[in-house]
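# quick one: sequence plus predicted model below, questions after.
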Amino acid sequence: CQAGAPLSSAYDQVEAAGQILPLDPPSAPNRSFGGVVASASVGPSRLGYGSLRDLLFGVRAVLGTGKAVRFGGKVIKDVAGFNLARMFIGSEGTLGIITRVILSLLPRPGAISTLVAPFNSVKQAIETVPDILRQGILPTAVEFVQHEVISCAEQLLKKSWPTHDGSASLLFILDGRSEDDLLAQAEKLAEFLESGGALDVLIAESPEKQEEILTLRSMIYEALREGTVELFDICVPRSEIAGHVEFVKEVEERYKIQLPTYGHAGDGNVHTHYMRKAISNGFLGAEVTGWRQLHEQVREELFADAAARGGVISGEHGIGRVKREYLEKNLGSVNVEVMRLIKHALDSENILNPGKVVLWQ
């Protein structure tokens, strides 16, 4: 694929071949192939379809030296030296200008279904997920949302989430070879959810209702954008998601601020908004007192909690400049120095996105 082409440019061809392009980052149709690779943005379907590291076979790029290079190719197995193509995943344009990418496609599923299960608490909801996965149930995606957060998307779109029971929901996307296969998966999942404390299990009744549910989830960021100062995208082991979300609530209460949180329960990626405007009944309201003074302190505490749980400070949004100073604390000096050496080797004049990810010296 040409790196500058939008993902949408390939949809029709891929579908006609009976395949799917398993990339669903935010605003997916308008995202370019090269941008998706450079930002390592895959989306919630990573659980079922794999990460970009699983899907990327090859990269063509122009380095900072002006040299055109080709890393990787079309083969499935390749241990002919280092896997240099994968260096460009999440590189944020600091190593080279990507001109072409070679990605794996997957067979199109015969049927897709969406389930929503409400719980009394977000902690209870999240703690159910590892048990589900251990049962051999592998959804395409699992999301957790707090109802006070999804209410903002409801107000923006003038549409309703399937349930307002409890305080949080799990959203599951399932796919199968056939309708019968999908029904068997859904029944097994529903049974386990109910035994795990779900207040109900609701299945989207039509493709239109399924699309409405997924759109509501995808529009949370847009609904909160005007009042958001920074969006954290910490990633922790699945077993630590509930603990980190509980820590976020503790920080909220301690500083009397709002940190609306949701994320990918299947891969540990937690999205927390640092707000300058308060949320009330799904609407953004007055400015929060003292948000400027608390911003850096809250960031420090959330990043420290992520590191203590074996997590990282960014799961998909990248490092840029803002998080650069925290990278060494998170990964250690050796990792950062190796990144710097790679940057020097591929961009010896420091002309590609200078100052991002790692400092030149």
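That came in fine, so what should we check first? Numbering: from 1, shown residues only.

# how much space between the residue nearest to residue 179 when sequence neighbours are not counted and residue 242?
Counting by C-beta to C-beta, 6 or more residues apart in numbering, residue 179 lies nearest to residue 111, which is 4.9 Å off, once chain neighbours are set aside. In short, each C-beta sits where N, CA and C put it, glycine included. Summarising the geometry, the distance separating residue 111 from residue 242, computed by C-beta to C-beta, to the nearest Å, is 31 Å.

# swap in residue 104?
Between residue 104 and residue 242 the distance, using C-beta to C-beta, works out to 32 Å.

# helix/strand/coil for residue 165?
Here residue 165 is recorded as coil under DSSP: H, G, I helix; E, B strand; the rest coil.

# cool, the one 4 residues further on as well?
Secondary structure assignment for residue 169 (three-state DSSP): strand.

# residue 111 and residue 242: which is more packed in?
A side-by-side neighbour count of residue 111 and residue 242, using other C-beta atoms under 10 Å, places residue 242 first with 22 against 15.

# and that one, which of the three is it?
At residue 242 the chain is in helix, as set by three-state DSSP.

# wait, it sits on residue 127?
Yes - in this structure, residue 242 sits in contact with residue 127. The criterion is C-beta atoms under 8 Å, and the distance is 5.0 Å.

# skipping its backbone neighbours, what lies nearest residue 4 in space?
Counting by C-beta to C-beta, 6+ apart, the nearest residue to residue 4 once its immediate chain neighbours are dropped is residue 32, at 5.4 Å.

# what's the end-to-end length of stretch 107-126?
In stretch 107-126, first residue to last residue: 30 Å (C-alpha to C-alpha, to the nearest Å).

# in that stretch, what counts as buried?
For stretch 107-126, the buried set under the neighbour-count rule, 16 or more other C-beta atoms under 10 Å, comprises 109, 113-119, 121-126.

# pick out the residue closest to the middle of this protein.
Most central in the chain under C-alpha atoms, centre = their mean is residue 43, positioned 4.7 Å from the mean C-alpha point.

# do I have it right that that one meets residue 31?
No - with contact taken as C-beta under 8 Å, residue 43 and residue 31 are classed as non-touching, separated by 9.8 Å.

# list the residues that contact both of the two?
Between them, residue 43 and residue 31 share these contacting residues under C-beta atoms under 8 Å, 6 or more residues apart in numbering: 23, 25.

# now do the SS call for residue 79.
Three-state secondary structure (criterion: three-state DSSP) places residue 79 in coil.

# and the strands in this protein?
For the chain, the strands defined by DSSP state E cover 19-20, 56-63, 68-72, 96-103, 106-107, 111-119, 141-146, 168-176, 202-203, 228-235, 261-264, 269-275, 277-280, 283-287.

# ok so, going back, now the buried residues of stretch 107-126 in JSON lines, with distance to residue 354 and pLDDT?
Compiled in JSON lines, these are given as follows (distance: C-beta to C-beta, whole Å; pLDDT from 0 to 100):
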{"residue": "109", "distance to residue 354": "43", "pLDDT": "91"}
{"residue": "113", "distance to residue 354": "47", "pLDDT": "93"}
{"residue": "114", "distance to residue 354": "44", "pLDDT": "95"}
{"residue": "115", "distance to residue 354": "46", "pLDDT": "97"}
{"residue": "116", "distance to residue 354": "45", "pLDDT": "98"}
{"residue": "117", "distance to residue 354": "47", "pLDDT": "98"}
{"residue": "118", "distance to residue 354": "48", "pLDDT": "98"}
{"residue": "119", "distance to residue 354": "46", "pLDDT": "98"}
{"residue": "121", "distance to residue 354": "46", "pLDDT": "97"}
{"residue": "122", "distance to residue 354": "40", "pLDDT": "96"}
{"residue": "123", "distance to residue 354": "43", "pLDDT": "96"}
{"residue": "124", "distance to residue 354": "46", "pLDDT": "97"}
{"residue": "125", "distance to residue 354": "43", "pLDDT": "97"}
{"residue": "126", "distance to residue 354": "39", "pLDDT": "97"}
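
# in a markdown table, list those residues along with distance to residue 267.
Converted to a markdown table, the buried residues of stretch 107-126 look like this (distance: C-beta to C-beta, whole Å):
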| residue | distance to residue 267 |
| --- | --- |
| 109 | 19 |
| 113 | 20 |
| 114 | 18 |
| 115 | 18 |
| 116 | 19 |
| 117 | 18 |
| 118 | 22 |
| 119 | 19 |
| 121 | 21 |
| 122 | 17 |
| 123 | 18 |
| 124 | 20 |
| 125 | 16 |
| 126 | 12 |
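
# closest one to residue 194 out of these, please.
Taking C-beta to C-beta as the measure, residue 117 is the one of those closest to residue 194, at 8.4 Å.

# that closest one contacts residue 197, doesn't it?
No - contact criterion C-beta under 8 Å: residue 117 and residue 197 do not qualify, at 9.4 Å.

# domain map for the protein?
The record's domain split for the chain, according to automatic domain parsing, is 8-107, 111-220.

# closest to residue 283 out of these?
Of all the domains of the chain, it is domain 111-220 that lies closest to residue 283, at 6.0 Å by C-beta to C-beta.

# just how off-centre is that closest one within its chain?
Computed by C-alpha atoms, centre = their mean, to the nearest Å, the separation of domain 111-220 from the middle of its chain amounts to 17 Å.

# one more: stretch 103-121?
Here stretch 103-121 shows a centroid-to-chain-centroid distance of 15 Å under the convention C-alpha atoms, centre = their mean.

# measure that stretch end to end?
Between the opening and closing residues of stretch 103-121 there is a gap of 39 Å (C-alpha to C-alpha).

# I'm done for today, thanks for sticking with me.
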